[in-house]
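**Student:** Please find the sequence and the predicted model below.
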Amino acid sequence: MKNSYNELDEVDLRILALLQDEGRLSNARLAERLKLSETPVWRRLRRLEDEGYIKAYQAVIDRKKLGIGLVAFVRVTFANHAGEQPHQFEEAIQRIPEILSCHNVTGESDYLLQVVARDIESYGDFVSTVLRRLPGVAEIHSSLSMREIKSSNRLPMPGRQN
């Protein structure tokens with residue numbers, strides 16, 4: 001079983017790149033773009049899924065059209081790192097849809113969150129009723145996005161020029 005991108009060949013990387021750009025490509029269209037027959041492309045695609053290179057397929061939705069106008073980057077600091085609180089915090093984060101990402105980071109804070117909300121008022125409510133009540137949270141520092149310059153989930157493919 002392959003578990004390192006170093007073991008992926010150029011065709012595998014091209015499949016991943018094409019699907020990042022257009023996740024709804026049919027196997028036939030994918031094979032056409034790769035200039036290969038459908039069966040080998042289907043096998044490669046299944047292998048990339050089975051080995052976890054492709055975790056899921058999803059649509060990219062315009063958050064503003066859903067009325068989600070605010071993005072906040074939130075630094076969370078713990079007073080005490082011992083015991084179960086960090087683990088409980090991380091489990092709780094998984095169940096909160098407003099938190100798009102959570103990273104355990106180095107530096108002055110322990111975690112960096114990306115949070116979305118309808119507006120500043122709803123974000124304030126979220127901080128008061130959700131974030132401050134999470135296990136272990138001692139300090140919260142928010143930076144609100146004034147303007148989004150780039151937002152992407154697309155990863156650079158190893159060995160490919162951008």
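**Tutor:** Happy to help now that I have it.
**Student:** Just the buried residues of the helix or strand that contains Val11, please?
**Tutor:** In this assignment (DSSP states H and E), Val11 forms part of helix 10-21. Neighbour counts over helix 10-21 (16 or more other CB atoms under 10 Å) mark 12-16, 19 as buried. (C-beta placed from N, C-alpha, C; glycine too.)
**Student:** go on, stretch 130-146?
**Tutor:** 131, 134, 136-137, 140.
**Student:** what do you get for stretch 69-85?
**Tutor:** Of the residues in stretch 69-85, those buried (16+ other CB under 10 Å) are 70-72, 74-76, 78, 85.
**Student:** Return the member of these nearest to Leu30.
**Tutor:** Proximity of these to Leu30 (CB to CB) peaks at Val71, which lies at 32.9 Å.
**Student:** Give the next helix or strand downstream of the helix or strand hosting the closest one.
**Tutor:** Assessed by DSSP H and E, Val71 sits inside strand 70-78. Scanning forward in sequence from strand 70-78 by DSSP H and E, the next helix or strand is helix 85-94.
**Student:** and that following helix, how far out from the chain's middle?
**Tutor:** 17 Å (CA atoms, centre = their mean, to the nearest Å).
**Student:** now for it, which elements pack on it?
**Tutor:** Packing partners of helix 85-94 (3 or more CB pairs under 8 Å, 6 or more residues apart in numbering; DSSP states H and E): strand 70-78, strand 99-104.
**Student:** Good, wrapping up.
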